[in-house]
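Undergrad: attaching a predicted model along with its sequence, questions to come.
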Amino acid sequence: QVQLQESGPGLVKPSQTLSLTCTVSGDSLTTNYYYWSWIRQSPGKGLEWIGSIAYSGTTYYNPSLASRTIISRDTSKNQITLQVNSVTPEDTAKYYCARSIKWPPEFASWGQGTQVTVSS
């Protein structure tokens, strides 16, 4: 059974870069037709898809965040990473990684999430 575990700093200062890692166990990032995604939920708001990286390495981004976001992977470590540049307090959220076995994505497997606060 796949397990996803997010990790990273819980506090980031405004204008800095938010960097998170999702470690995957029980599955491979290169399994055909699987997609690995980052999603966030801000206080009082719904879930927001940030972007995904496919089994092939192709990346897809939410247009509203694409200019500030990079999703990458390290297949040797079975990890995906998220970078969000030039963060503001509006980027404060709980960040999740999730797996979808189809596209458009339907997130059937989730990590527990990690809280990130943007504050000076």
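TA: The structure has been received and is ready for your questions.
Undergrad: which other helices and strands contact the lowest-mean-pLDDT helix or strand in the chain?
TA: Ranked by mean pLDDT, DSSP states H and E, the weakest helix or strand in the chain is strand 107-110, scoring a mean of 94. Other elements packing on strand 107-110 under the criterion 3 or more C-beta pairs under 8 Å, 6 or more residues apart in numbering; DSSP states H and E are strand 93-100. C-beta here means a position set from N, CA and C on the backbone, and glycine is covered the same way.
Undergrad: quick one on the thing from earlier: and the least confident helix or strand of the chain, how far from the chain's centre?
TA: 12 Å (C-alpha atoms, centre = their mean, to the nearest Å).
Undergrad: what is the subsequent helix or strand relative to it?
TA: strand 114-118 (DSSP states H and E).
Undergrad: for that next one, list the C-alpha coordinates in CSV.
TA: What follows is strand 114-118, C-alpha atoms only, in CSV (Å, rounded to 0.1, in the frame of the first residue of the first chain):
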residue,chain,number,x,y,z
THR,A,114,2.3,19.5,6.7
GLN,A,115,1.5,23.0,7.9
VAL,A,116,3.4,25.9,6.5
THR,A,117,3.1,29.4,7.9
VAL,A,118,4.4,32.4,6.1
